[in-house]
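K.L.:
give me a 3D structure for the following:
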Amino acid sequence: MGGAPKALLPFGGRPLIEHIAERLGSVLPDRVIVTNTPELYRFLDLPMVGDVFPEGGSLGGIYSGLRAVHTDAALCVACDMPFLAAPLVGYLASRAGEADVVIPEAAGELQTLHAVYSRACLPAMERRLRAGELKIIGFFGDVRVLRIGAAEVARFADPALAFMNLNTPEELARARALWDAAAGGAGSRPE
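P.N.:
The predicted structure is shown next:
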């Protein structure tokens, strides 16, 4: 993506992260942003925390956010998901007490950056981070995991949209075209 922060890419005339924060705020009372560049996100007026393990990748980000919250669990989402679905987020959050990780599946893959993690995961995550083992699912054998199957996910959102993220200019172009088509060209967020 040319080095520009994906969270700041414009969608509907506003930064993508603004849409994501609003969508999460519609179903979750508290939100925190994990970032090592807080100056870029001050406009959101949300609590921010830096990476505890700066070279820890996504696992380090999840760990840092989870460690910072004052709740038993946190739903973690990536900053580059333009079609985050509030009904799915609410459903996943409602299942939080059933396992240490509540994670949806789509297209045969676990959606690790769209899942609920309990504080009980912190020791297992930290062991992996200290060992340099950064694969998110690497600690799943040490905790209780509840997989939410694709059919269940589809009750709340179209998995092809809900888990879409932006890693290439082609994915960005496709997402913007879908956004604009759903909004009727008005530039507002599709439901």
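
K.L.:
so how far is the first residue of stretch 106-121 from its last?
P.N.:
End-to-end distance of stretch 106-121 (C-alpha to C-alpha, to the nearest Å): 23 Å.

K.L.:
go on, stretch 50-57?
P.N.:
First-to-last residue span, stretch 50-57, C-alpha to C-alpha: 12 Å.

K.L.:
mind giving me the packing neighbours of the strand or helix carrying Ser58?
P.N.:
Assigning secondary structure by DSSP states H and E places Ser58 in helix 57-68. Packing partners of helix 57-68 (3 or more C-beta pairs under 8 Å, 6 or more residues apart in numbering; DSSP states H and E): strand 33-34, strand 48-49, strand 73-77, helix 122-130. C-beta coordinates here come from the backbone N, C-alpha and C atoms, glycine included.

K.L.:
any chance of the ones you listed in TSV, with mean pLDDT too?
P.N.:
Listed next are the helices and strands packed on helix 57-68 as TSV, based on pLDDT from 0 to 100:
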stretch	mean pLDDT
strand 33-34	96
strand 48-49	96
strand 73-77	96
helix 122-130	98
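
K.L.:
for the closest residue to Phe83 other than its chain neighbours, what are its contacts?
P.N.:
Counting by C-beta to C-beta, 6 or more residues apart in numbering, Phe83 lies nearest to Leu161, which is 4.0 Å off, once chain neighbours are set aside. Listed by C-beta atoms under 8 Å, 6 or more residues apart in numbering, the contact partners of Leu161 are 83, 85, 178.

K.L.:
which of the residues you listed count as buried?
P.N.:
83, 85, 178 (16 or more other C-beta atoms under 10 Å).

K.L.:
distance check, the first one against Asp72.
P.N.:
Distance, Phe83 to Asp72, by C-beta to C-beta, to the nearest Å: 28 Å.

K.L.:
before we move on, the earlier item: remind me which helix or strand the residue nearest to Phe83 belongs to.
P.N.:
helix 159-162.
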